[in-house]
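> Build me a structure from this.
(4 chains)
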Amino acid sequence: MENLIALLVAAPLLGAAVLLCGGRRLDRAGHWLGTLLAAASFGIGAALFADMLGRGADDRTMRQHLYSWIPVEGFQADIAFQLDQLSMTFVLLISGVGTLIHVYSIGYMEHDERRRRFFGYLNLFLAAMLLLVLADNYLLLYVGWEGVGLASYLLIGFWQHKPSAATAAKKAFLVNRVGDMGLSIAIMLMFTTFGTFAFRPVLASAGETSEGMLTAIGLMLLLAACGKSAQVPLQSWLGDAMEGPTPVSALIHAATMVTAGVYLIVRSGAIFNGAPDAQLVTAIVGAVTLLFGAVVGCAKDDIKKALAGSTMSQIGYMVLAAGLGPIGYVFAIMHLVTHGFFKAGLFLGAGSVMHGMNDEVDMRKYGGLRRYMPVTFVTFGLGYLAIIGFPGLSGFFSKDRIIEAAFAKGGTEGWILGSVALLGAAITAFYMTRVMLMTFFGEKRWQPAPDADAAADVEPSAGHRPGEMPHPHESPKSMTVPMIVLAFGSVFAGGFFAIGDRFLNWLEPVTGYEHGHPPVSALTVTLATMAVLAVGVAIAWAMYGRRPVPVTAPRGSLLTRAARRDLLQDDFNHVVLVRGGEHLTRSLVYVDHSLVDGVVNGTAASVGGLSGRLRKLQNGYARSYAVSMFGGTAILIAATLLMRAV
Amino acid sequence: MNPVNYLYLAALLFTIGAAGVLIRRNTIVLFMCVELMLNACNLAFVAFSRMHGNLDGQIIAFFTMVVAAAEVVVGLAIIVSLFRTRHSASVDDASLMKL
Amino acid sequence: MSAVAAAASATSTGEAVQFWILGTVAVIGALATILMKKAVHSALSLAGTMIILAVFYLANGAYFLGVVQVIVYTGAIMMLFLFVVMLVGVTAADSLKETIKGQRWLAVLCGLGFGILLIAGIGNASLQHFNGLGRANSAGHVEGLAQLIFTRYVFAFEVTGALLITAAVGAMVLTHRERTERAATQRELSERRVREGVQLPPLPAPGVYARHNAVDVPGLLPDGTPSELTVSKTLRARGQVRDVSGEALADLKALERRSAERLGREEASK
Amino acid sequence: MDFPLLTVTAAVPAAGAVLTAAVPAARRTAAKWLALLFSLATLALAGLVAARFDPGGERYQLTESHAWIADFGVRYELGVDGIGVALIGLTALLVPFVIAAGWKDADPLETRSPRWRPTQGFFALILLVEAMVIISFEATDVFLFYIFFEAMLIPMYFLIGGFGDRAHAGTDEKAAAQRSYAAVKFLLYNLAGGLIMLAAVIGLYVVAGNFSLQEITAARAAGTLDMATNTERLLFLGFFFAFAVKAPLWPLHTWLPNAMGEATAPVAVLITAVVDKVGTFAMLRFCLGLFPEASKWATPVVLVLALVSIVYGALLAVGQRDIKRLIAYASISHFGFIILGIFAMTSQGQSGATLYMVNHGLSTAALMLVAGFLISRRGSRLIADYGGVQKVAPVLAGTFLIGGLATLSLPGLAPFVSEFLVLVGTFSRYPVAGIVATLGIVLAALYTLVLYQRTMTGPVKEEVRRMPDLRPRELLVVAPLIALLIGLGVYPKPLTEIVNPAVEHTMSDVKQKDPKPEVAVGSENGEAGQ
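Presented below is the predicted three-dimensional model:
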């Protein structure tokens, strides 16, 4: 069975290669091929899962060594895979959700002339993401890590003719590169410390090095995770990434890629366990992002950006949980999986709504859609209930455990982290209710499609004409079926995992687990969560359910306006990094031209000038030459006399 | 009187001649200055001859004279042809050597 | 200085007197050579200096050279100079104004430096012994020279001969102008004049007959102004045209004054 | 005596140059094919060299040695180690692409005059450069190396100055002036370096008594040849200066943007991917081999200069408005990495630097050639003149993107392997330098993506609306390069196998050992590697 692991990656990679190099001949069948290969990957994953379930808990790790990748003295990097329970979880999530989204895209991208390429990119993403979770060393993980970055770049910028999309893609890649710097430094640190960067030896001997070194490695890994998982301070790209087609947002920027950071932290648990400082920083980053994303989510009128804020916030929960150490790892992953279901479902629902509304993304121009799009409404509603943590649904189980674990961290930080998590839950309830109410309830606030000038800014997937009023309609089967499947996951996954601690037992051999002792009882935490949840929903109802929503956004408070602008982080980046960078490069161009080149050109010019002067001595007058001759003779005589005198 | 004085005189005449070469522009005068320099040398040679008590210095002076004669012949011919083409006897007019 | 050395290096008082007087004159002559405006004057000064040098040669026992100096240098070479000066223009005076920037200062500086160094060098050398030519001239002075020239310096002598011949040929080649085309005949010349139509008749004669007996005086036009055309091209090129128009007027004035004087005297005598 | 394979490998392109130059004016297509044929023959010979080279064997193989100038101990000595084989392979590989990409570059210069044969001249010069570069990689006699190191300037000068880029914003006269400025600058910079090196070469002879690299290295290793510390340092500086100009290292780099900007894209590839490699190669072979102690002495300064090159080159690349100059500055940044790897003096760093030389050649060739195709279509080198090309010419845009991704060292493409090796190698000995160098990763992404965004994405500009996609000839040039980039990125083992022994020898020359990891888990790792 081990030998099948490579096929998990190979299948979608083959799809990407064929679809991207195949040319227009494949235009008609390309999307089926892509979907098929994604499904094949899922099938192989399922087979391996079945095989793994058949083994004992300690014997579940499978390995496959393909070949030595970079054989250099003292440096061994292998193309080798490791499939354990943690990787397996991800494989199933990635290939499962991935396949569903392939199916969804068949309908969503129907009108796009470049659909073949879209599927090629999606396959490329799947391959890279699977490589990321299957790698048995950090360097190979890095390959997948950058690979998903590339796929994300290509997919965000899929509609490249839109300058905003191209810019967003570039921004995503660049911000991720900053994170990648962290990862590469972490790998270099590992290499100098352990002489290797394969998971097994590094994690096994993590305890043998100093805590300072582990903290350094941990912080660098955290930097990488921040870039990929859009955590503060590297979160700014995620909102812009919503320029990509909606299935991309669902797959990459909600369910899978952005959770890679969590995977990285959990995978490197042994390192973090030895570095409490790094853990604390991780938890703080998670908590800050949790609030940050939630606040941003409250202010956005763009449905996808509101969901993006929510994604950020939910990943903040996961990072927070991962930062808690062994008491949180399992719940981080559990929340990751349930989040994968409901957030993908929510995004697909948003895509469906946009599909029916002439690609309008402004929620203020929605309203009352529940009657026109019943399936979307129901699936989106279930996802909504799941994310806010409605009792019994997925989010309830996973989020509740994280809040509990945060309190269980103990001490002041436990209280602070727990309260932040609790507060986050309230805000989540608020903004998700807001999205729900603005989209599906209330009166119709539909607007005619923007005119041709603005049309360039709109996703061209649906063939609508400018100036036309939207005719909301339910999406085709290829789109609704994945939504339904994901809705099932949103409803039942949490319960399935949590009841009987199934998920805990499954992952514990890999991540380890220790039971925390929260200062308050688990029931209290649950009840408190329920209470803040109710408050959040109630406030949202009061603001958006009871009274009509204005079509143009009110000016709002200072916080709202800041939140609309992503809490001014972009402005900060713009002023400090972009402007500063521009000035730096411009002045360096000047320096290069005038100083570095100037010195050389100046030398040349002064030699030329000196020659010009000397040339003037050559005036053609025989008498002048005679003077120099005569002077020369005099000097020679003087020299002779001097020599004699000496 | 110390016969070395002849040498001093020769040196003085030589220097005057050289200065003349540098100062004068008229090719003919310039040439005369060259002759003056040559004569100064001859004087020195003759004085040396007397000092050393052999005739070699005089022989050299003699050769110098012959060579000077040849030189004058050719030099004056050059001056004449130069004057024919340029209508000027100034050395500064023959300054085509400059860049 | 020891007495013996002093005696060996001493010369007669007569020679000393001669040296100081003639030496001074030689230096003055040399200075005049380089400072005189007119080439003729320079040549004459140089000739003088050379004659004095001939005397010094004689004083130093180089009788042959002294004579040769007078005959060859002063007699032949300097005459050659004078011929050339005449060819080029006797009266043409040089402007002593320096045209090359800094040349004169540099020349003076170099000259002074060089001279001082030379004199210092001579002073520095240990030239105290004066052997005299007594032994060398024992077989007769000219014979002694001849013996050296035809034995030790015979090759140099031969080469000098070759040099002289070469110089003579070179001088001829340099001054000789090969005719590259047939000389125009009288007929062709007149035809060209007619064709160009600038000056059909022969050029007007210089003012030789009217007032003056030299060819450098231009003929006067009816209004009394001199005509350049009447003077030879060479003189014009040299700028040696003499303007005598003023002279004529002055003469006229003088005539009038004299006549007035005479008349006045006559009037006075009345 | 064995078949003189190395001589023949260098002689074939030289003969090709002569024959190409002799083709009559009317048959210029024949000249092109002839040149291509000879470059392919050279490639085959280079393949043979690689095949006959035994990685486990002697340090220098396929050696040839003949007396040349006996009075000065100059010998005609050739021999290759793994690094040489890799770089000869790179050169022989790239030149056919350069010729194919420059197929029509000399056409605008053609006139009706039967005497004036620019096409023949262009291709003959390219082959001449190839011959000289190959023999530089082969020479194990310092003097022999020096001669060809300098001689290759002459054909390069004519290639830059005589066959410049026609795409120019200014008037023809201005363009010609800039071209000749670039060519003269190239020549003067490199000549200055070369002159200083000549002094050092003579100095080396005075000290060592011969020019043989092998003998001197052996004598130094055996301790029979002592150099005074200062002498060694001065000689090292003399050699290093010439190589740093050629490489080019900050602040001696300013000739490169001019030369690459003004030359046509294939010639620019020749400059940066082939000729400049002689500089870095020579640092590894001559500076480290002949003057190990002085190299260690100079390491801190060289590392700082390399770091400055990396960051400075990248920042300037961001600020460029001209596509080709941007690539030139990116190259300066990459050369910084190569030099960093060489002077980090770890086996990872040096293996990485050697791989980097090859991979940088491939990636820059891919990016530059596609940029050249792009420029030839629009007739402008300014980034601002493009926009939305992706929409009208997707294949061109795609290949451009892959070239760009290779330049930014995306994992999975060949440059990543080398860049990471350099970084790890540097980091393990000089952590701060390693961290500063990683900044280059971010900046590389910045300039590449900015370039791609501004030229390829966004609304389609009116001037590029009719731009044709890549033609078959052009695709044929780019596709193998891209395939190689991917292939060597995924499976670099053939290359590392050749290079590793040579690196070990160099490491023993400088008597350096890799730093040991803090926690010894090496045995377990080795097990995992099986």
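> these two touch, right, A:Val596 and D:Trp255?
No - with contact defined as Cβ atoms under 8 Å, A:Val596 does not reach D:Trp255; the gap is 10.9 Å. Where C-beta positions appear, they are placed from N, C-alpha and C, glycine not excepted.
> the more surrounded of those two?
D:Trp255 (25 against 18; other Cβ atoms under 10 Å in any protein chain shown).
> For that one, give its distance to D:Ile332.
11 Å (Cβ to Cβ, to the nearest Å).
> Helix or strand: which one has C:Lys97?
Using DSSP states H and E, C:Lys97 is not contained in any helix or strand.
> Give the helix, strand or coil label for the closest residue in space to C:Val67 that isn't next to it in sequence.
Using Cβ to Cβ, 6 or more residues apart in numbering or on different chains and skipping the chain neighbours, the partner closest in space to C:Val67 is C:Ala54 (7.6 Å). Assigned with DSSP: H, G, I helix; E, B strand; the rest coil, C:Ala54 falls in the helix class.
> Tally up the residues packed near C:Ala54, please.
C:Ala54, neighbours per other Cβ under 10 Å, totals 21.
> pretty sure it contacts C:Val70?
Yes - applying Cβ under 8 Å, one finds C:Ala54 in contact with C:Val70, separated by 4.7 Å.
> near chain C, which residues of chain A show up?
When proximity is defined as Cβ under 8 Å from any Cβ of the partner chain, chain A approaches chain C at A:619, A:621, A:623-624, A:627, A:630-631, A:633-634, A:637-638, A:641, A:644.
> nearest to D:Phe373, of those?
A:Asn619 (55.6 Å; Cβ to Cβ).
> can you confirm that closest one is in a helix?
No - A:Asn619 is assigned coil when assessed by three-state DSSP, not a helix.
> Could I get the contacting residues of A:Val266?
A:Leu86, A:Ala322, A:Tyr329, A:Ala332, A:Ile333, A:Thr511 (Cβ atoms under 8 Å, 6 or more residues apart in numbering or on different chains).
> and the fifth one, helix, strand or coil?
To tie it back to what came earlier, the one meant is A:Ile333. helix.
> distance of it from A:Lys399?
A:Ile333 is 13 Å from A:Lys399, by Cβ to Cβ.
> Please apply the same query to the third one.
The gap separating A:Tyr329 from A:Lys399 is 16 Å, by Cβ to Cβ.
> State the number of residues packed around the residue in the stretch 351-500 of chain D positioned nearest to chain C.
At 50.0 Å from chain C, D:Arg381 is the closest residue in the stretch 351-500 of chain D, using Cβ to the nearest Cβ. Counted with other Cβ under 10 Å, the neighbours of D:Arg381 add up to 24.
> Over to it: give its phi and psi.
phi -100, psi 0 (degrees, to the nearest 10).
> which outside residues touch the top strand by length along chain D?
Ranked by residue count and defined by DSSP state E, the top strand of chain D is strand D:61-69. Contacting residues not belonging to strand D:61-69 are listed as D:2, D:4-7, D:49, D:52-54, D:74-81, D:140-141, D:143-144 [Cβ under 8 Å, 6+ apart].
> among those residues, which ones are buried?
Applying 16 or more other Cβ atoms under 10 Å in any protein chain shown to the contacts of strand D:61-69, the neighbour count classes D:5-7, D:49, D:53, D:74-81, D:140-141, D:143-144 as buried.
> Among those residues, name the ones in strands.
D:Val74, D:Arg75, D:Tyr76, D:Glu77, D:Leu78, D:Gly79, D:Val80.
> For the fifth one, which residues are in contact?
To tie it back to what came earlier, the one meant is D:Leu78. Neighbours of D:Leu78 in contact, by Cβ under 8 Å, 6+ apart: D:Pro4, D:Leu6, D:Thr7, D:Leu62, D:Thr63, D:Glu64, D:Ser65, D:Ile135, D:Glu138, D:Ala139, D:Thr140.
> hmm, 7 Å instead?
Remark: with contacts taken as Cβ atoms under 7 Å, 6 or more residues apart in numbering or on different chains, D:Leu78 is in contact with D:Leu6, D:Thr7, D:Thr63, D:Glu64, D:Glu138, D:Ala139, D:Thr140.
> And for the third one?
With contact set as Cβ under 7 Å, 6+ apart, D:Tyr76 has these partners: D:His66, D:Trp68, D:Asp141, D:Leu144.
> want to try JSON lines for the residues you listed, with pLDDT as columns?
Below are the contacts of D:Tyr76 laid out as JSON lines (pLDDT from 0 to 100):
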{"residue": "D:His66", "pLDDT": "85"}
{"residue": "D:Trp68", "pLDDT": "85"}
{"residue": "D:Asp141", "pLDDT": "89"}
{"residue": "D:Leu144", "pLDDT": "90"}
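> Which of these sits closest to D:Ile88?
For these, the nearest to D:Ile88 is D:Leu144 (15.5 Å; Cβ to Cβ).
> ok so, going back, what touches both of D:Trp255 and D:Ile332?
D:Pro248.
> ranges for the strands of chain B?
Going by DSSP E, chain B shows no strands.
> quick check, stretch D:401-420 touching chain A?
Yes - counting by Cβ under 7 Å from any Cβ of the partner chain, contacts between stretch D:401-420 and chain A involve D:Leu405, D:Leu410, D:Pro411, D:Gly412, D:Val417.
> So which of those residues is the closest to chain B?
Checking the residues of stretch D:401-420 next to chain A one by one against chain B (Cβ to the nearest Cβ), the nearest turns out to be D:Leu405, at 56.2 Å.
> so the closest one makes contact with D:Ala414?
No - counting by Cβ atoms under 7 Å, D:Ala414 is not a contact partner of D:Leu405; they are 11.0 Å apart.
> List the contacts of residue 77.
Using chain A here. Counted by Cβ under 7 Å, 6+ apart, A:Ala77 has contacts A:Trp69, A:Ile70, A:Asn137, A:Leu139.
> hm, I was asking about chain D
Counted by Cβ under 7 Å, 6+ apart, D:Glu77 has contacts D:Glu64, D:Ser65, D:Ala139, D:Thr140, D:Asp141, D:Leu144, D:Ser212.
> which regions of the chain sit below the pLDDT cut-off?
I went with chain A, as the question did not name one. A:449-468, A:567 (pLDDT under 70).
> could you do chain D instead?
D:1, D:112-114, D:167-170, D:520-530.
> Break it down into its domains, please.
D:1-290, D:294-515 (automatic domain parsing).
> Reformat those domains into a markdown table and put distance to C:Thr175 next to each item.
Shown next, in a markdown table, are those (distance: least, Cβ to Cβ, whole Å):
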| stretch | distance to C:Thr175 |
| --- | --- |
| domain D:1-290 | 47 |
| domain D:294-515 | 67 |
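> Can you check which helix is longest in the chain?
Since you didn't name a chain, this refers to chain A. Criterion DSSP state H: the longest helix present in chain A is helix A:163-194.
> Chain B, not that one
Max-length helix for chain B by DSSP H is helix B:56-86.
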